[in-house]
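> Quick one, fold the following:
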Amino acid sequence: QVQLVESGGGLVQAGGSLRLSCAASGRTSSNAAMAWFRQARGKEREFVAAISWSGTSYADSVKGRFTISRDNAKNTVYLQMNSLKSEDTAVYYCAARASTLRRTDPGAYDYWGQGTQVTVSS
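Modelled structure (predicted):
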């Protein structure tokens with residue numbers, strides 16, 4: 001089992017920045033693919049960014065503004081969010097796969113955190 005705990009969410013003005021963290025524990029692997037998803041109220045969960053040994057992937061809506069990274073020594077994945085917009089408001093979830101391959105489908109991920117709220121005021 002893998003446990004994921006997100007932190008770093010909060011309220012920020014449009015144009016501001018936040019950094020989310022996802023601390024992994026349990027049977028973790030530095031090679032496992034990990035990702036961030038988000039879910040706005042009344043909408044489906046959507047892919048934001050993913051990271052694996054071979055690189056990173058981003059949703060078009062966040063490309064150039066968000067950066068995903070990981071610190072394997074700390075078993076932590078980060079999501080640096082810059083130039084935030086009101087449409088970025090959502091609960092952000094960290095997810096991990098047993099596989100090393102990045103995927104954008106939430107159904108492909110085996111483990112999930114509890115989520116952290118990000119609210120961007122305009």
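> if I pick the residue nearest in space to the middle of the chain, what's in contact with it?
The centroid of the chain falls nearest to Trp36 when counting by C-alpha atoms, centre = their mean (2.2 Å). The contact partners of Trp36, by C-beta atoms under 8 Å, 6 or more residues apart in numbering, come to Leu20, Cys22, Val48, Ala49, Ala50, Ile68, Val77, Leu79, Tyr92, Tyr93, Cys94, Ala95. In this view, the C-beta of every residue, glycine as well, is placed from N, C-alpha and C.
> contacting residues for the spatially closest residue to it that is not a sequence neighbour?
Spatial nearest neighbour of Trp36, excluding adjacent residues (C-beta to C-beta, 6 or more residues apart in numbering): Val48 at 4.3 Å. Residues near Val48 by C-beta under 8 Å, 6+ apart: Ala35, Trp36, Phe37, Arg38, Tyr58, Ala59, Val62, Phe66, Leu79, Tyr92.
> Also Tyr109?
Counting by C-beta under 8 Å, 6+ apart, Tyr109 has contacts Ala35, Ala95, Ala96, Arg97, Arg103.
> thinking again about what came up before, show me what counts as buried in the one helix or strand the residue nearest to Trp36 maps to.
Val48 belongs to strand 46-52 when elements are defined using DSSP states H and E. By 16 or more other C-beta atoms under 10 Å, the buried positions in strand 46-52 come out as Phe47, Val48, Ala49, Ala50, Ile51, Ser52.
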